[in-house]
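*Asks:* sequence and predicted model, in that order:
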Amino acid sequence: MNELAQRLGEYRGEIVTSIVETGAMLGWALLAAVLIGLPMGTGMYLARRGGPKERGWLYSGLNGFVNVVRSVPFLLFVVALIPFTRWAVGTSFGTTAAAVPLSFVAVALYARWVEQTLVDIPRDTVELADSLGANTFQLVTRFLYPEARSGLVLSMTTVTISMISYSTIMGVVGGGGVGDFAIRYGYQRYEYDIMYVTIAVIVVLVMLIQTFGTRLSMALDHRSR
Amino acid sequence: MSPVDPAPAATLTDPLLRVSGLKKSFGDNEVLRSIDLSVQAGQVLALVGPSGSGKTTVLRCLNGLEQPDAGTVEFSEGPAVSFTAKTTRREKESLRTRSAMVFQGYNLFPHKTVLQNVTEGPIQVQKRPKAEAIAEAERLLERVGLAEKRDDYPHQLSGGQQQRVGIVRALAQQPALLLFDEPTSALDPELVGDVLTVIKELAEEGWTMVLVTHELAFAREVADTVVFMDGGVVVEQGPAQDVLRAPKQERTRAFVHRLLNPF
């Protein structure tokens, strides 16, 4: 055990670097999820059949994008996206490049969650906003998002946790991160104890994120308290 | 303002609302087959009739929640919209601002406080000054006895209180016409009275209303005109006393008899 602690001490620099890398990849992916996935999911909700602003072609397009991104096995997706990544950020290797495919998946995942969360809002709410004379922008920002906010927070929590999992394989394109650290030291150098310690750290991290998300969501929910 | 004398609509001129030839189908189901109505300013019109007769659909068409297939909806000093031709968005908006709806299921926003539920329309949609909208909302809540509930959330209120908030919200939109869609049918019987009292006071103040209701005794008391609908047509209309006490049509007679003698 002392020997493990000593080795962990030696790798301190690498551990800090890998945590920063994971943070950067997650940061970009989640930023993309909010800035692109949220409007995309909202568009899917509005444009879907029977939605407030039914537009078949728009729904088919967005729905197709989400389905394709979510159905390609992630490792293949990362590799297949390399030409795009190189075009978008100038390189296909490193933490920033790794954030590109992660962002795609985060956008698609969150868009789907947003759509489903909004579908669950009682029809009364849409009807009432309509009766008050709200336009589409007001419907979304003043009525749908406030009513859906606890669900939107919970689904962002789920997306964050999925992204931690996805980010662990980004070593294949030099993305680094805690997952890559665990693979390199734990698997490739047979230091299994290091790997298990890393996994334990990730599990604790996920539990913390989930607890935070659940608490925040409950604090925002006024339906029953 | 005192209640306007009940008089047959036909003898008065320039109604506040005139509806003619209103038609609406949902797929193959023809819900409204040419409805004609008119409401004088300050009058209360009660729409009665069996379930599925199209009463609620009439209200929803007036409030822009449904798009009629044909017909004209015309407000005095306001828009006249013909749905027979293609309607513009602006026409529909203008129609919607003339009326406000009180829903059967209250339809309050569960994540907004009582005050926010009332002021959201005026502040966000109508762009009225915030302080003014809040002062108005507080005054209206006060008069229905809910001033101290302003910061509560809907689930903390009883059904009767929620519906009174629903009424206040409609009033806060400053409509020319109030629409009530079976405002008491979702309430426990002992809570119905509070809501009906508020509606009756509004009628006495001179608000113009269209009221869909199954409470015939109440309709007889507050309504000036009663319109009996069945199967998407107006079967009989006239002064409340006549239609509800001495219906001319057999279908109306059967309906009134069934509601007054359920067993």
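*Replies:* Everything's here; your move.
*Asks:* count of neighbours near A:Thr198?
*Replies:* 21 (other CB atoms under 10 Å in any protein chain shown). C-beta: built from backbone N, CA, C; applies to glycine.
*Asks:* which parts of chain A sit against chain B?
*Replies:* Within chain A, the positions near chain B by CB under 8 Å from any CB of the partner chain are A:124-125, A:127-128, A:130-134, A:138, A:142-143, A:146-147, A:149, A:220-224.
*Asks:* does the nearest residue to A:Thr136 once chain neighbours are set aside belong to a helix, a strand or coil?
*Replies:* Excluding its sequence neighbours, the residue lying closest to A:Thr136 (CB to CB, 6 or more residues apart in numbering or on different chains) is A:Lys53, at 6.0 Å. Classification of A:Lys53 using DSSP: H, G, I helix; E, B strand; the rest coil returns coil.
*Asks:* correct me, but A:Lys53 touches A:Thr42?
*Replies:* No - applying CB atoms under 8 Å as the test, A:Lys53 and A:Thr42 come out as separate, 10.4 Å apart.
*Asks:* partner residues bridging B:Met229?
*Replies:* Counting by DSSP bridges, B:Met229 forms beta bridges with B:Val234.
*Asks:* what's around it, how many residues?
*Replies:* 26.
*Asks:* try A:Met218
*Replies:* Other residues close to A:Met218 by other CB under 10 Å number 13.
*Asks:* likewise B:Arg245?
*Replies:* That count, for B:Arg245 with other CB under 10 Å as the rule, works out to 10.
*Asks:* now it: how far from chain A?
*Replies:* Going from B:Arg245 to chain A by CB to the nearest CB, to the nearest Å gives 34 Å.
*Asks:* and the closest residue to that residue other than its chain neighbours, what does it touch?
*Replies:* Residue nearest to B:Arg245 in three dimensions, not counting chain neighbours: B:Arg220, with 7.5 Å by CB to CB, 6+ apart. With contact taken as CB atoms under 8 Å, 6 or more residues apart in numbering or on different chains, B:Arg220 is in contact with B:Val226, B:Ala240, B:Gln241, B:Leu244, B:Arg245.
*Asks:* now swap in A:Thr158 and tell me
*Replies:* By CB under 8 Å, 6+ apart, the neighbours of A:Thr158 are A:Trp113, A:Gly213.
*Asks:* any idea which element it lies in?
*Replies:* Per DSSP states H and E: A:Thr158 is located in helix A:145-167.
*Asks:* pull the distance from that helix to the chain's centre.
*Replies:* Mean C-alpha position of helix A:145-167 versus that of the full chain (CA atoms, centre = their mean, to the nearest Å) differs by 7 Å.
*Asks:* helices or strands next to the lowest-mean-pLDDT helix or strand in chain B in the packing?
*Replies:* The weakest-scoring helix or strand in chain B, judged by mean pLDDT, DSSP states H and E, is helix B:89-96 (a mean of 80). Other helices and strands packing on helix B:89-96, by 3 or more CB pairs under 8 Å, 6 or more residues apart in numbering or on different chains; DSSP states H and E, are strand B:80-82.
*Asks:* repeat that for 6 Å
*Replies:* Packed against helix B:89-96, as judged by 3 or more CB pairs under 6 Å, 6 or more residues apart in numbering or on different chains; DSSP states H and E, are no other helices or strands.
*Asks:* what sits up against it?
*Replies:* A:Gly133, B:Gly64, B:Pro79, B:Val81 (CB atoms under 6 Å, 6 or more residues apart in numbering or on different chains).
*Asks:* so what's residue 83 scoring on pLDDT?
*Replies:* This is for chain A. As predicted, A:Pro83 sits at a pLDDT of 95.
*Asks:* chain B is the one I meant
*Replies:* For B:Phe83, the pLDDT comes out at 85.
*Asks:* how about the residues of chain B near chain A?
*Replies:* B:Asn63, B:Arg96, B:Thr97, B:Met101, B:Asn107, B:Pro110, B:His111, B:Gly121, B:Gln124, B:Val125, B:Tyr153, B:His155 (CB under 6 Å from any CB of the partner chain).
*Asks:* contacting residues for the fourth one?
*Replies:* It stands for B:Met101. Listed by CB under 6 Å, 6+ apart, the contact set of B:Met101 reads A:Ser131, B:Asn63, B:Leu179.
*Asks:* and if we set it to 7 Å?
*Replies:* A:Ser131, B:Leu59, B:Asn63, B:Ala170, B:Leu179, B:Asp181 (CB atoms under 7 Å, 6 or more residues apart in numbering or on different chains).
*Asks:* packing partners of the helix or strand where B:Ile199 lies?
*Replies:* Assigned by DSSP H and E, B:Ile199 belongs to helix B:189-205. Under the contact criterion of 3 or more CB pairs under 7 Å, 6 or more residues apart in numbering or on different chains; DSSP states H and E, helix B:189-205 touches helix B:159-172, helix B:216-222.
*Asks:* name the residues that touch that helix?
*Replies:* B:1, B:3, B:44, B:144, B:158-160, B:163-164, B:167, B:178, B:180, B:183-184, B:187, B:209, B:218, B:222.
*Asks:* tell me which residues in that helix are buried?
*Replies:* Applying a neighbour-count criterion of 16 or more other CB atoms under 10 Å in any protein chain shown, one finds B:Leu191, B:Val192, B:Asp194, B:Val195, B:Leu196, B:Val198, B:Ile199, B:Leu202, B:Ala203 buried in helix B:189-205.
*Asks:* out of those residues, which one sits closest to A:Asp180?
*Replies:* B:Leu191 (63.2 Å; CB to CB).
*Asks:* per-residue pLDDT, A:Ile183?
*Replies:* At A:Ile183, pLDDT is 89.
*Asks:* could you measure from it over to A:Tyr192?
*Replies:* Separation of A:Ile183 from A:Tyr192 (CB to CB, to the nearest Å): 12 Å.
*Asks:* who has more neighbours out of those two?
*Replies:* Neighbour count, other CB under 10 Å: between A:Ile183 and A:Tyr192, A:Ile183 has more, with 18 against 12.
*Asks:* residue nearest the centroid of chain B?
*Replies:* By CA atoms, centre = their mean, chain B has its centre lying nearest to B:Leu179, at 1.7 Å.
*Asks:* hang on, that residue packs against B:Thr208?
*Replies:* No - in this structure B:Leu179 lies outside contact range of B:Thr208 using CB atoms under 7 Å: 10.1 Å.
*Asks:* overlap in contacts of the two?
*Replies:* Counting by CB under 7 Å, 6+ apart, nothing touches both B:Leu179 and B:Thr208.
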